[in-house]
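In: would you be able to build a 3D model of this:
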Amino acid sequence: MDARRRCGRVAGVGIPLPLEYVLFLPSGTLPVSKTPDPNGKHRLKETEEPVPSRITRFLRVVEWLGNALPHPVTLFALFALSVVLFSGLMGALGVAVPDPRPEGAAGRAADGMIRVISLLNAEGLRRIVQNLVTNFTSFVPLGTVLVAMLGVGVAERSGMLTAAVRAMVLNASPSMVTVTIVFAAVLSNTASEMGYVVLVPLAAMIYYSLGRHPLAGLAAAFAGVSGGYSANLLVGTVDPLLAGITQEAARLIAPEYLVDATANWFFMIGSTSVVVLIVSLISLRIVEPALGPYDRSQAKLVADDMSSMEGLSETERRGLRYAGLAALLVVGLIALLVVPEGAVLRNPETGAIKGSPFLRGFVAIIFIFFLVPGITYGAVVGTMRSDRDVIDAMAGAMSTLGLYMVLVFFAAQFVAFFSWTNLGAVTAVTGAEFLTSIGLTGPLVFVFFILMCGFVNLMLGSASAQWAVTAPIFVPMLMLLGYSPEVIQAAYRIGDSTTNIITPMMSYFGLIMAFAARYVPKAGIGTLISMMLPYSVALLVCWTAFFFLWVFVLGLPVGPASPTYFVP
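Out: This is a model prediction of the structure:
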């Protein structure tokens with residue numbers, strides 16, 4: 001691309017500006033001049049009133065709406081209170097809908113009606129008081145995430161995960177560095193915030209050292225970590241979290257329904273190659289050419305930034321080798337307990353993997369898979385010298401989940417109240433009847449569902465918070481249209497992931513902004529969002545198309561023993 005094609009123009013003036021200058025100006029601050037010079041030509045004034053574009057105005061509205069929302073904890077507390085009050089009103093009005101489940105189904109009333117049950121009375125108050133604690137402790141996502149994070153915390157504190165990412169990225173050839181960064185970014189989702197804290201700044205520094213624009217590396221890593229949040233080769237900590245919320249929502253219609261942590265594993269594996277391909281192509285063909293040459297005088301780097309480019313020491317390499325052997329031993333042991341006919345972790349009644357302890361207890365597998373290699377690596381490099389170091393690593397992982405546990409307490413009350421009052425079931429039946437009446441019952445319904453999830457994510461950036469709000473409504477509703485909770489969850493994850501990278505409400509957005517400012521001090525929110533928007537649009541379109549191809553064209557399951565359709 002020649003210099004002329006990389007230029008923008010100042011409004012009203014025929015003076016070209018480099019596109020990178022246009023991109024990196026804070027949103028809506030292109031200078032405009034109406035003052036002629038002595039030769040009758042226009043000259044630039046240093047400052048003028050900003051003229052925000054329509055996209056800029058839209059993003060400002062999104063940011064305003066997101067900031068106007070209460071904290072997610074407050075939001076769930078208000079939702080729970082609203083359910084109590086609304087149930088009193090609907091109960092007094094005698095609201096009821098026909099139960100679509102067949103006669104004799106678990107939870108179906110004798111008269112075949114689903115009635116709203118009021119909690120705004122003495123009996124409801126007694127039920128709330130007696131079950132407040134058990135609502136919290138029995139909420140499935142709570143225990144699953146805590147157990148998984150114990151193992152991940154050891155692997156992270158030992159330094160194994162950081163070393164593995166550095167080994168993968170720093171050893172990549174210059175021609176494959178973008179693909180390697182994106183692939184490593186997608187895999188980093190298994191370990192909480194490591195991708196954001198370690199890989200994103202490392203990718204920017206790698207591009208800087210190669211003479212390429214550092215923001216191109218930052219954008220590729222950010223798109224892989226956050227935009228590809230629901231693609232992976234491994235099952236991570238977010239999978240049992242979402243599966244637990246989905247299970248609670250599914251039980252509004254089917255009280256005994258179980259959703260495994262591996263519910264979307266096959267689709268996640270297939271999505272990994274799609275996300276890596278899309279993000280790499282957008283980076284190489286659109287974002288990096290648009291950024292143009294980088295002015296290295298803008299960089300504001302410190303010694304710590306440069307130290308991240310240091311290669312692995314021999315001790316770290318040896319630690320990774322031993323950790324890899326430990327991981328292989330764990331995988332081999334699990335295979336012995338699952339693969340042979342009549343193996344211990346197969347279903348004891350049917351002998352199949354479906355419904356087996358292996359799938360039902362996959363969180364324990366995650367715990368062991370990260371714990372054993374993490375301890376092994378730490379013992380080799382010296383970060384895990386005794387049992388106290390392992391315990392401290394586990395305690396450190398738990399200390400980061402304080403806010404999550406507070407959020408889960410109120411989310412658990414909201415989900416429980418929604419179930420007790422039958423408001424979820426009534427809403428689901430009413431919504432399903434409406435969709436049937438307009439003929440929107442086929443796979444096309446998932447297009448609107450994915451778009452809705454993506455839009456809500458712009459203002460409610462937490463995946464768990466958003467799903468805890470929307471799942472009790474849409475999971476039962478789409479189940480009544482005949483789709484399984486596992487497929488519904490897979491569709492949700494596409495909408496949630498693809499707009500993560502363009503919403504200021506995402507919890508790590510400020511951190512990414514700080515990384516970007518090291519290389520382009522004038523970079524603002526509009527800079528980052530405009531840079532990430534091509535990724536978001538491409539991922540939303542292509543990933544949705546891949547979902548339809550996988551589920552409805554090829555008829556492939558989204559996970560082990562995960563059905564595509566639900567039969568009441």
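In: what about the helices in the stretch 151-300 of the chain?
Out: Counting by DSSP state H, counting those that start in this stretch, the stretch 151-300 of the chain forms helices over residues 160-170, 177-187, 194, 200-209, 214-222, 238-250, 265-282, 288-291, given from the N-terminal end onward.
In: hang on, isn't residue 451 packed against residue 495?
Out: Yes - using Cβ atoms under 8 Å, residue 451 is in contact with residue 495, at 6.7 Å. No exception for glycine: its C-beta is placed from N, CA and C like everyone else's.
In: those two: which is more packed in?
Out: Each of residue 451 and residue 495 has its neighbours counted (other Cβ atoms under 10 Å); residue 495 has more, 24 against 16.
In: now do the contacts for the closest residue to the more buried one other than its chain neighbours.
Out: In this structure, residue 495 finds its nearest non-sequential neighbour in residue 453, 2.9 Å apart by Cβ to Cβ, 6 or more residues apart in numbering. When the contact criterion is Cβ atoms under 8 Å, 6 or more residues apart in numbering, the partners of residue 453 are 466, 470, 491, 492, 494, 495, 496.
In: out of these, who's the most crowded?
Out: Neighbour counts for the contacts of residue 453 peak at residue 492, which has 30 neighbours (criterion: other Cβ under 10 Å).
In: give me the angle between the strand or helix carrying residue 364 and helix 265-282.
Out: For residue 364, the element it lies in under DSSP states H and E is helix 362-381. For the pair helix 362-381 and helix 265-282, the angle between their directions (axes from the mean of the first three to the mean of the last three Cα atoms, to 10 degrees) equals 60 degrees.
In: which is the next helix or strand following helix 362-381?
Out: Reading on from helix 362-381 to the C-terminus, the next helix or strand found by DSSP H and E is helix 387-399.
In: go ahead and name everything in contact with that next one.
Out: Outside of helix 387-399, the residues within contact range by Cβ under 8 Å, 6+ apart are 146, 149-150, 152-154, 156-158, 374-375, 378, 383-384.
In: again with stretch 414-427
Out: Residues contacting stretch 414-427 (Cβ under 8 Å, 6+ apart): 76, 79-80, 83-84, 86-87, 90-91, 95-97, 114-119, 124, 127-128, 131, 135, 139, 245, 248-249, 251-253, 468-469, 472-473, 476-477.
In: now do stretch 133-144
Out: Applying Cβ under 8 Å, 6+ apart, the external contacts of stretch 133-144 come out as 240-245, 247-248, 261, 363, 405, 408-409, 411-413, 415-416, 464.
In: gap between it and the chain center?
Out: Shown here is stretch 133-144, whose average C-alpha point lies 21 Å from the average C-alpha point of the whole chain (Cα atoms, centre = their mean, to the nearest Å).
In: likewise for stretch 464-474?
Out: In terms of Cα atoms, centre = their mean, the centre of stretch 464-474 is set 14 Å apart from its chain centre.
In: okay, it in PDB with CA atoms only?
Out: Only the C-alpha atoms of stretch 464-474 are listed here, as PDB (Å, rounded to 0.1, in the frame of the first residue of the first chain):
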ATOM      1  CA  SER A 464     -21.000 -15.200  34.100                       C
ATOM      2  CA  ALA A 465     -23.100 -12.200  35.100                       C
ATOM      3  CA  GLN A 466     -24.700 -11.800  31.600                       C
ATOM      4  CA  TRP A 467     -25.500 -15.600  31.400                       C
ATOM      5  CA  ALA A 468     -26.900 -15.700  34.900                       C
ATOM      6  CA  VAL A 469     -29.400 -13.000  33.800                       C
ATOM      7  CA  THR A 470     -30.300 -14.300  30.400                       C
ATOM      8  CA  ALA A 471     -30.100 -18.100  30.800                       C
ATOM      9  CA  PRO A 472     -33.100 -18.400  33.100                       C
ATOM     10  CA  ILE A 473     -35.200 -16.800  30.300                       C
ATOM     11  CA  PHE A 474     -33.800 -18.000  27.000                       C
END
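In: low-confidence ranges, the stretch 251-400 of the chain, go.
Out: 301-310 (pLDDT under 70).
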